[in-house]
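Peer 1: I'd like to go over a predicted model; first the sequence, then the structure.
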Amino acid sequence: MTTIDPAPAARPLRADAARNRRRIVVAARELFAERGLDVTLDDVAAHAGVGVGTVYRRFANRDELVEAVFVDHIREVTERIESDIADVGPWDALALLLNAVGEFVADDRGLATLLTSVDHSAPVLEEAKQAVSRLVEGVYGRAREAGVIRDELVETDFFGIVCMISAISEATESVAPGAWRRYMELLLDGIRADGPRVPLAVPALTAEQIQELDSRKHVRH
């Protein structure tokens, strides 16, 4: 799987340069997952088995490398989900989408760290974010058209669902691995169209509110 280059308009990298860049991104991802974001480009170079100069030729600073690793995560999640939902019905596709996100967040704490540390307004993320948006819109649209989810559910509710699963996973994974799945089941039961439901008293988050939360996360970190 490839990653988005910080300078999309630049000439394609030579094969050896592309391989080195991939090694650097993989090494950074492993270090971020193991130690959080408190690693240097020198650490990444040593872990990747390349010279420090090679890292600095590909990434001017750690922020650029963080963005590249985040894009790599997003693409992996998107490609995995697209493959899983290719031949299933609307409800199963929705359940697979949410459970796949839960698995990625639970299995790799580096992803959760990146979610709250990367600059979500960075142009390099736009293509990957649009791919995720298209995926969610497609799965949500199918489920809504098939009538398998509550009428009140809107696309932006998925942001809140992912946040809830991420939070419970972070709180429990070290002592009860997989406990997040219980709460995912409760959430899925709550958004199904069938059965009696308590009316939702609080409106869904707006896209503008989610954008503001993203910007606050970046400022805080």
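Peer 2: Nice, thanks for sending it over. Residues are numbered from 1 along each chain as shown.
Peer 1: buried stuff in the lengthiest helix in the chain?
Peer 2: Identified as the longest helix of the chain according to DSSP state H is helix 62-84. Of all the residues in helix 62-84, those buried under the rule 16 or more other Cβ atoms under 10 Å are 64-78, 81-82. Backbone N, C-alpha and C define where each C-beta goes, glycine included.
Peer 1: swap in stretch 124-144?
Peer 2: Val124, Leu125, Ala128, Ala131, Val132, Leu135, Val136, Val139, Tyr140, Arg142, Ala143, Arg144.
Peer 1: any idea how far the second one is from Val66?
Peer 2: Okay, so that is Leu125. 11 Å (Cβ to Cβ, to the nearest Å).
Peer 1: picking up where we left off before, now the longest helix of the chain, how far from the centre of its chain.
Peer 2: Using Cα atoms, centre = their mean, to the nearest Å, the distance from the centre of helix 62-84 to the centre of the chain it belongs to is 7 Å.
Peer 1: and what of stretch 43-63?
Peer 2: 24 Å.
Peer 1: Between the two ends of that stretch, how far is it?
Peer 2: End-to-end distance of stretch 43-63 (Cα to Cα, to the nearest Å): 15 Å.
Peer 1: Give me the residues contacting that stretch.
Peer 2: If you take Cβ atoms under 8 Å, 6 or more residues apart in numbering as the criterion, stretch 43-63 is touched by 6, 17, 20-21, 23-24, 26-28, 30-31, 37, 40-42, 65, 68, 119.
Peer 1: again, but for stretch 181-201
Peer 2: Under Cβ under 8 Å, 6+ apart, the answer for stretch 181-201 is 91, 94-95, 98-99, 102, 147-153, 157, 161, 164-165, 168.
Peer 1: May I see the buried residues of that stretch?
Peer 2: Arg181, Tyr183, Met184, Leu187, Leu188, Ile191, Arg192.
Peer 1: pLDDT (mean, whole number) over the host helix or strand of the third one?
Peer 2: Element membership of Met184, judged by DSSP states H and E, is helix 180-191. Taken as a whole, helix 180-191 has an average pLDDT of 91.
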